[in-house]
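Engineer: Please find the sequence and the predicted model below.
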Amino acid sequence: MVTADYVVVGAGTAGSVLARRLLDRTGARVLLLEAGDRDTNPAIHDPLRMHELWDSKQDWGLRTVPQRHAADRRLHLPRGRVLGGSHALNAMIHVRGTSSDYDGWAALGNPGWSWADVEPVFRAIDSGPLPVLRDYTPDPIQRAILDACVESGVPYNPDYNNGAQAGVSRMQFTIADGRRRTTAHAYLEPVLDDPRLTVLTGVEVSRLLVSRGRCRGVEWRQDGSPRQAMAEAEVVLAAGAIGSPALLLRSGIGPADDLRAFCVEVAAHLPGVGENLQDHWLAPVIFGAERPIEHTPGLPATQTHLFWHSRPGALDLQPLHFSAPLYEPWMSGPDNGFTLMAGLVRPASVGRITLPARNIDGPPLIDPRVLSAPADLAALVAGVELGRKIGAASALRPWGAAELYPGQGVDLAEYVRRTVTTYHHSAGTCAMGVDPDVGAVVDPRLRVHGAAGLRVADASVMPTIVTGNTNTPTIMIAERAATMIAEASP
Ligand SMILES: Cc1cc2nc3c(=O)[nH]c(=O)nc-3n(C[C@H](O)[C@H](O)[C@H](O)COP(=O)(O)OP(=O)(O)OC[C@H]3O[C@@H](n4cnc5c(N)ncnc54)[C@H](O)[C@@H]3O)c2cc1C
C-alpha cells in the first residue's frame, strides 16, 4: 500500500498541472497515477504526425453508441492514455474561450469562476512553463485560405485570445522548436526528481475507496492482485470527461437507481454524474488542388481558423482549415487538397455517459446525442455553406481549388449527418454547481457533493462547454483547483 497526502488520478492536461502546483503551493506529498505509459512514441512529439496516434496504444480507442441523428454511426472519440493525456494526442491549439463563457459559469451560481476571476489565471498560464507559439510562417495554402476568408467578408483578427474572438486568425500552438509540448513536459518533467512526488504509470484505477461518506484512497489491479493507495488529505480525480464520471459511477457515486442496476453499493446519490455531456462538432468541406500543397515541418496540418456565426448575433462557429483532404472512409479523391472544416462550438445537443450494466468495468457507454437539437444541424449546414463560399473565393483560384465534398446537388443536412465527427472536446460530465438535485456533481471549489476528501479537477467540471478548444481552459481549471486545495490545506 502507498500513502500520500494527495492522490491525483490521471496525468493528462489537468493532472500534470495539478501535481506540479500542489508541490509548488503546499508542502505535501503527491502521488500521481496514470493508466498509460510514458510518452516515448515519436509521433507524439512531431506535430505533423498526430493522425498516427488515433487508435494507437496511446489512445483509449473509445467509440460512441450509434448516433441516431448521425446516420446511426458510432463515432471515434480519441482520448489520450499516456503521460500528458489528451494533450499528447491533440492538435495543440491554444484558445482561452470568451469572457461570456466564464461569466456564464458564475451566473449559474459558481463564485470564483467569472472572467474577472479567471483572466489573470490565463495570463499567468501564458507566462508560465508551457510555451505558446504565435510567430511562425504558415503553409502557403493556409495563407491563401486566410486571404480567401477576408475576401468572403470575415475580418482578420491578429489575436483571438485578446478579448475578442471574431474573425479569421492564425492559430496559436503549444509547440516549441517544432515539437509538441504537453503539460506533462512543461509542468511535470521539471519536478520528477522531487522526493515529495511519486508518479506511477501503467496504473488504471478501478475504484475509489469510500467509507462513511469520505473518500480515503483508490484501488487498482497489478499482476492480478489488488493494490491500494491511501490519501491522508484528498483524492483528486483528473481522469478526464469520460474517465472521471466512469470512476465515480464504479465507486457508487452517481444516480442511485443506475447504481443499483449495476449492483454497486450507493455511496452518494448524485444524479448528475455522467449527465450534461457536451462536445463540439465538425463536418468537412473538401477541395482538390492543382498546385502542390506543402507541409511545414514542425507545424500541424491545421493552422488557421475562424470564430464566426451561423446566423447574425451568434458566435457559434469555429471552422478550422487543414492543408490536407480529410476523407471519410466512404469518400475517395486525390491526395493533394485541403479541407475547410465547419466547426460548431455553441452546441445545444447534450448527451450522457453511463456504464454497461453487464460489465461495469468495460468501456463506458458514451451517448453525446449529436445533432439531437435541430439548431445544431442548421448551424453546421451554415458552416458547410460558409466553407464552400471561402473555397470558391478568387484567392484560391491560383491553387486550382475544386470542391470534391459535399459537391453540387447534395442534400447538405443529409451530408452533415453522414460526416459529422467530434471535435474531441468532451466536457461537462461532473458539472460544477451548488444544487446536486439539478445536476451539480462538484461544488464551486470542485469538492464532490456528498463525499468528503474528494474533488474533480478536469474538463468534466465545466458546467457549460467553452467557446473554443478545451485544453487551455482545462489547464486553468487545474491551476484554480490547486490554489483552492492549497487554501484548504492545514
Ligand atoms: C484528438 C484530439 C484533438 C484535440 N485538439 C485540441 C486542440 O487542438 N486544442 C485544445 O485546446 N483541445 C484539444 N483537444 C481537447 C483537449 O486535449 C482536452 O480537452 C484536454 O486534454 C482534457 O484534459 P483532461 O485533463 O480533462 O483529460 P485528459 O488530458 O484526457 O487526461 C485524463 C488522463 O487520465 C487518465 N485516466 C483516465 N482514467 C484513468 C484511470 N481509471 N486510472 C488512471 N488514469 C486514468 C488518462 O489516461 C489520461 O491521461 C483535443 C483532444 C483530442 C483527443
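Structural biologist: Ah, there it is.

Engineer: Mind checking what secondary structure the residue in the stretch 301-450 of the chain that the ligand sits nearest to has?
Structural biologist: The ligand sits closest to His424 of the stretch 301-450 of the chain, with a gap of 3.3 Å, by Cβ to the nearest ligand atom. All C-beta atoms are positioned from the backbone trio N, CA, C, and that covers glycine. Under DSSP: H, G, I helix; E, B strand; the rest coil, His424 falls in the coil class.

Engineer: Surely it touches His76?
Structural biologist: No - judged on Cβ atoms under 8 Å, His424 makes no contact with His76 at a distance of 9.4 Å.

Engineer: neighbour-wise, which of these two wins?
Structural biologist: For His424 versus His76, neighbours defined as other Cβ atoms under 10 Å are more numerous around His424 (19 against 15).

Engineer: Distance check, the residue in the chain positioned nearest to the ligand against Asp223.
Structural biologist: Proximity of the chain to the ligand (Cβ to the nearest ligand atom) peaks at Gly12, 1.8 Å away. The gap separating Gly12 from Asp223 is 25 Å, by Cβ to Cβ, to the nearest Å.

Engineer: the more surrounded of the two?
Structural biologist: It is Gly12, of Gly12 and Asp223, that has more neighbours when counted by other Cβ under 10 Å, with 34 against 5.

Engineer: OK, contacts around the more buried one?
Structural biologist: Counting by Cβ atoms under 8 Å, 6 or more residues apart in numbering, Gly12 touches Glu34, Gly80, Gly84, Gly85, Ser86, His87, Thr183, Ala238, Ala239, Gly240, Asp458.

Engineer: cool, and Val118?
Structural biologist: Tyr102, Met476, Arg480 are the contacts of Val118 under Cβ under 8 Å, 6+ apart.

Engineer: Let me see the backbone angles for the second one.
Structural biologist: Its backbone dihedrals place Met476 at phi -60, psi -40, with angles given as degrees, to the nearest 10.

Engineer: what number of residues lie near Gly407?
Structural biologist: 12.

Engineer: quick one on the thing from earlier: quick one: the residue of the stretch 301-450 of the chain closest to the ligand from Gln318, how far?
Structural biologist: Counting by Cβ to Cβ, the gap from His424 to Gln318 is 13 Å.

Engineer: now do Val65
Structural biologist: Taking Cβ to Cβ, one finds Val65 at 26 Å from Gln318.

Engineer: Look at these two and report which has more neighbours.
Structural biologist: Neighbours per residue (other Cβ under 10 Å) separate Val65 from Gln318, with Gln318 holding more: 26 against 16.

Engineer: Report pLDDT for that one.
Structural biologist: Looking at Gln318, its pLDDT is 98.

Engineer: Please verify my assumption that it contacts His309.
Structural biologist: No - using Cβ under 8 Å, Gln318 is not in contact with His309, being 10.7 Å away.

Engineer: list the residues that contact both of these two?
Structural biologist: Going by Cβ under 8 Å, 6+ apart, no residue sits against Gln318 while also sitting against His309.

Engineer: My reading is that Leu306 lies in a strand. Confirm?
Structural biologist: Yes - assessed with three-state DSSP, Leu306 lies in a strand.

Engineer: What residues are bridge-paired with it?
Structural biologist: With DSSP bridges applied, Leu306 shows beta-bridge pairing to Val168.

Engineer: Which residue ranges make up the domains of this protein?
Structural biologist: 1-39+82-133+173-279+425-489, 134-172+280-349+362-423 (the TED database).

Engineer: related to what we said a few turns ago, give me the subset of the contacts of Gly12 that also touch the ligand.
Structural biologist: Glu34, Gly80, Gly85, Ser86, His87, Ala238, Ala239, Gly240, Asp458 (Cβ under 6 Å from any ligand atom).

Engineer: how many other residues sit next to the first one?
Structural biologist: Yep, that's Glu34 we're talking about. Glu34, neighbours per other Cβ under 10 Å, totals 30.

Engineer: The third one too?
Structural biologist: With neighbours defined by other Cβ under 10 Å, the count for Gly85 comes to 35.

Engineer: Please state the backbone phi and psi of it?
Structural biologist: Gly85 has phi and psi values of phi 60, psi -140 when expressed as degrees, to the nearest 10.

Engineer: how many other residues sit next to the nearest residue to Ser489 once chain neighbours are set aside?
Structural biologist: Of all residues not flanking Ser489 in the chain, Thr26 sits nearest, at 4.9 Å (Cβ to Cβ, 6 or more residues apart in numbering). The number of residues packed near Thr26 is 20, by other Cβ under 10 Å.

Engineer: Most neighbours among the contacts of Gly12, which one?
Structural biologist: Gly85 leads the contacts of Gly12 on contacts (other Cβ under 10 Å) with 35 neighbours.

Engineer: what sits against that one?
Structural biologist: 10-16, 34, 36, 79, 182, 184, 240.

Engineer: let's see 7 Å
Structural biologist: Going by Cβ atoms under 7 Å, 6 or more residues apart in numbering, Gly85 touches Gly10, Ala11, Gly12, Thr13, Gly15, Gly240.

Engineer: In helices, which of the residues you listed fall?
Structural biologist: Cross-referencing the contacts of Gly85 against helices under DSSP state H gives Thr13, Gly15, Gly240.

Engineer: where do the helices sit along the stretch 1-150 of the chain?
Structural biologist: 13-25, 42-45, 99-107, 115-126, 140-151 (DSSP state H, counting those that start in this stretch).

Engineer: ignore the last one, the stretch 351-490 of the chain
Structural biologist: Under DSSP H, counting those that start in this stretch, the stretch 351-490 of the chain gives helices at 374-391, 412-419, 471-488.

Engineer: buried sites along the first one?
Structural biologist: By that I understand helix 374-391. Within helix 374-391, the residues scored as buried using 16 or more other Cβ atoms under 10 Å are 375-384, 386-391.

Engineer: Rebuild the contacts of Gly12 as a markdown table, extending it with distance to Ala256 and pLDDT.
Structural biologist: Listed next are the contacts of Gly12 as a markdown table, based on distance: Cβ to Cβ, whole Å; pLDDT from 0 to 100:
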| residue | distance to Ala256 | pLDDT |
| --- | --- | --- |
| Glu34 | 31 | 98 |
| Gly80 | 32 | 98 |
| Gly84 | 36 | 98 |
| Gly85 | 30 | 98 |
| Ser86 | 31 | 98 |
| His87 | 35 | 98 |
| Thr183 | 35 | 98 |
| Ala238 | 26 | 99 |
| Ala239 | 22 | 99 |
| Gly240 | 24 | 98 |
| Asp458 | 24 | 98 |
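
Engineer: In a markdown table, list those residues along with distance to Met341.
Structural biologist: Below are those laid out as a markdown table (distance: Cβ to Cβ, whole Å):
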| residue | distance to Met341 |
| --- | --- |
| Glu34 | 31 |
| Gly80 | 21 |
| Gly84 | 24 |
| Gly85 | 23 |
| Ser86 | 19 |
| His87 | 21 |
| Thr183 | 25 |
| Ala238 | 29 |
| Ala239 | 28 |
| Gly240 | 23 |
| Asp458 | 26 |
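
Engineer: Nearest to Ala261 among those?
Structural biologist: The closest of the contacts of Gly12 to Ala261 turns out to be Ala239 (Cβ to Cβ; 22.5 Å).

Engineer: Quick check: the gap between Ser332 and Leu404.
Structural biologist: For Ser332, the distance to Leu404 - Cβ to Cβ - is 9 Å.
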